[in-house]
Every structure is written in C-alpha cells, then in structure tokens.
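Undergrad: predicted model follows, preceded by the sequence.
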Amino acid sequence: GWIDIRGSIMICDMHVHTEFSCDSDADMIKYYSIGRQRNIDVICFTEHVDYNENDFGYGYYNPVAYFEKLSPIKNSRDLEVLAGLEFSEPHLYNEQLRELAKYPYDFILGSIHWVGDMFPFPETLEKYSADYFYSLYWPEVLEAVTKGGFDSLAHIDFPKRYYKKLIYDEKMIIKIFNIMIEQKIVLEINTSSLRKGLPTLMPDEGLLKLYKQCGGKYVTIGSDSHFENDLGAGIDYAQKIMHRIGLEQVVFRKRIMVIE
C-alpha cells in the first residue's frame, strides 16, 4: 500500500553510504549528528551490495554488522534513520536480493554499475566510446526494472558521471519508464553529479520531464554521499527541479512508499 501524509517539504536523503560500503569510510553516528545540525528530516543508509566478482565490493557488505551499528539510532525522535541497500545489477542476482530482503530494510535501491565485465573505469573510457557503452547499458536497465524486486532506480544515467555526456534512444527510455510505473519502482533524483563537475542532476530535466509524460509521479532524492560532509548536498536544488516538473518526493518505510 501507499500512504499519503502531506505537509511541509521535508529534507530526506535517501542515498547515503557509510563504512559498510566498500568505497566509504564514513561513520553513521557522525552522519547522524551532522544531519541534526543541518535539520535533515530523514537519512537512509543505503550500502553497496555487489555480486559481480570483478567489483571491489564483492563480498564486502555485512548485514549483521550493519544492523548492529544502526539499531541505537534507528528510532531516534530527532531525525529519522532508515535502513537501506543499494543493490547492483538486481536482475542478475535476484536470488541473493530476495535473501537479503528478508532483513528489516525500509528501502532498496536498484542500480546498474557493471555492463558484463565493464565498469566505466578510465581504461574503459579510453577503450570504448560513450555510444557503445550506453548501447549496452540501457538494455541492462530495462532488464533490471522488468525483473524488479527493489523500490527505486538509482542514477538512471549512471555512465554520464564518467563519460560526461548522456546518450539515449527516447523509445527505450519510454519503455523503461512504463515498466517502472507498472512495477511501482520510483525514479531516484541523484545529486552526486553536481559535486562531480556536471551541470545537471542524475537524471537531468529532460529525462525527468519524460518520466512525468509517461505518467511517473514519484521520486526519491539522494545525495549518494560517501563522506559525512556531503550529507544532504544538492537536495534543496533537486526539490526545486522536482516541483518545477510536477513530481512528488517520497520515502519508504518498511518497503512501503510514503508521500512526504
């Protein structure tokens, strides 16, 4: 079910990494105190889960340790803390996703980082054109949303972060958005691109408008922070763009979407 409790716009950072992700040393408790200082309403700790054996994070995530660290701050009154995951290539590791989803997560992000054995490392950028990479990337996104099992699709235009350009076929994107809406998978607005020298959010306004045209209504917003100081970065800007296009911000609690 979906719950609607509208009020004043809340600052919800639904994509945050800590030491439980292979590429972060950030501390949950430090994030929590920074969140209180910055008047952030909701933080969701979404740790990387990677089953591609080529990934640095393969076998890194420990859900038991994660929940142990999370539990003292989980039910705080000052700032809401949610339990989350960022699960890479969920369509390829569906069984592992189902197993992990048995833990009491509030929210699961799905993302595509790897295309076969290719990740947009500098050597990949040298060897393969953006056109080629995107031509393989979009079918993976399509397959991921078709199989589902997660709540929101993270940084839909992920290769843009590395190639510094966006290439897509509108028909393909419309197909992806239609399936997402059917599957009740919402779109993430990811603000990390602004910190990486790009002028637009992930996705940019063009794709957000297309999502809206397809009947998409809801988005989660996340900084994709890997450092305590990036908590909440760019979220106010993302909310302005979201309002301009006519989309609504949601959070997930116990895997149920709530309109904030």
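TA: Yep, it's here.
Undergrad: ranges for the strands of the stretch 101-250 of the chain?
TA: All strands of the stretch 101-250 of the chain, identified by DSSP state E, counting those that start in this stretch, fall at 107-111, 152-153, 186-190, 218-222, 248-253.
Undergrad: what about the closest residue to Asp41 other than its chain neighbours, distance to Met28?
TA: Distances taken as CB to CB, 6 or more residues apart in numbering put Met10 closest to Asp41, at 4.1 Å, once the chain neighbours are dropped. C-betas here are computed from N, CA, C, even on glycine. Per CB to CB, to the nearest Å, Met10 is found 20 Å from Met28.
Undergrad: per-residue pLDDT, the closest residue to Trp114 other than its chain neighbours?
TA: In space, and not counting its chain neighbours, Trp114 is closest to Asn52: 4.7 Å by CB to CB, 6+ apart. Looking at Asn52, its pLDDT is 93.
Undergrad: with Leu187 instead?
TA: 98.
Undergrad: try Asn75
TA: Looking at Asn75, its pLDDT reads 80.
Undergrad: look up phi and psi at Pro199.
TA: The phi and psi torsions at Pro199 (degrees, to the nearest 10) take the values phi -80, psi -10.
Undergrad: and Met10 and Met28? Which one has more around it.
TA: More crowded of Met10 and Met28, by other CB atoms under 10 Å: Met28, with 19 against 15.
Undergrad: contacting residues around that one?
TA: Thr18, Glu19, Phe45, Lys69, Leu70, Ile73 (CB atoms under 8 Å, 6 or more residues apart in numbering).
Undergrad: hang on, the earlier thing: tell me the contacts of the residue nearest to Trp114?
TA: Applying CB under 8 Å, 6+ apart to Asn52 gives the contacts Tyr58, Ser88, Glu89, Leu92, His113, Trp114, Asp117.
Undergrad: let me see the ranges of the helices in the stretch 1-150 of the chain.
TA: Remark: helices assigned in the stretch 1-150 of the chain by DSSP state H, counting those that start in this stretch are 28-37, 63-74, 94-100, 122-127, 130-147.
Undergrad: and the average pLDDT for stretch 89-107 is what?
TA: Here the average pLDDT along stretch 89-107 is 98.
Undergrad: return the set of buried residues in that stretch.
TA: Neighbour-count burial for stretch 89-107, with 16 or more other CB atoms under 10 Å as criterion, is recorded at Glu89, Pro90, His91, Leu92, Tyr93, Leu97, Leu100, Tyr105, Asp106, Phe107.
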